[in-house]
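Any chance you could fold what I've pasted below:
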Amino acid sequence: MGILQILKEDYQRFPENQTFSIYAKDIFFQDPLSKFRGLGKYKAMIGFINTFFIAVKMDLHDIRQSGDTINMEWTLSWNTPLPWKPRIAVPGWSELKVNSNGLINSHIDYWKCSRLDVLKQHIPGSSRKGNKNE
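Numbering: from 1, shown residues only. Take a look at the predicted model:
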C-alpha cells in the first residue's frame, strides 16, 4: 500500500490507530500552536487529541503528491469538553516532506483561520467560522 493510501485511511479514523511507521523518528511538526521534533512527541500530540477532545473528525478534501512533497487539504472538527460541548471546526492544509527512505520527516499544518477565530467558536452565540473563504 502506498503512502497516500495509508494517509487517506489514517485520516478516516483519525486520531485512532494511526500508522506511525510511515514517519521518521526525527519528524519535524509545526502548526499554529506548536512546533517540535521527534516521533515520541508526535505520538503524544495525537494521543492528547484522542484523549482530551470529543468526537474528533478529520475530513480529507484533497491529497496529492509531487516529488517528495505531499499536500493535503482538510477540516478538523471536534467537541471541546466544556459544559456546552461546542463543535469546533478548523479548515486547513498540510505540507508533508518524504525523505529518501520513503518516510515522512516533516509535517507542517496551516490553518485557514486564526487562533482567535478558533477560540471564538467556543463562545456561545459567536460566529461559528472565522474562515474568510467560506
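
Does the closest residue to residue 14 other than its chain neighbours have any beta-bridge partners, and if so which?
Nearest non-adjacent residue to residue 14, counting by C-beta to C-beta, 6 or more residues apart in numbering: residue 58, 3.9 Å away. In this view, the C-beta of every residue, glycine as well, is placed from N, C-alpha and C. On the basis of DSSP bridges, residue 58 is bridged to residue 76.

Residue 58 touches residue 72, doesn't it?
No: counting by C-beta atoms under 8 Å, residue 58 does not reach residue 72; the two are 9.6 Å apart.

got the contact list for the residue nearest to residue 14?
By C-beta atoms under 8 Å, 6 or more residues apart in numbering, residue 58 lies in contact with 11-12, 14-15, 74-76.

Quick check, pLDDT for it.
Here, the pLDDT recorded for residue 58 equals 97.

Next, the buried residues of whichever helix in the chain runs longest.
Using DSSP state H, we find that the single longest helix of the chain is helix 39-52. Neighbour counts using 16 or more other C-beta atoms under 10 Å place 39, 42, 45-46 of helix 39-52 among the buried residues.
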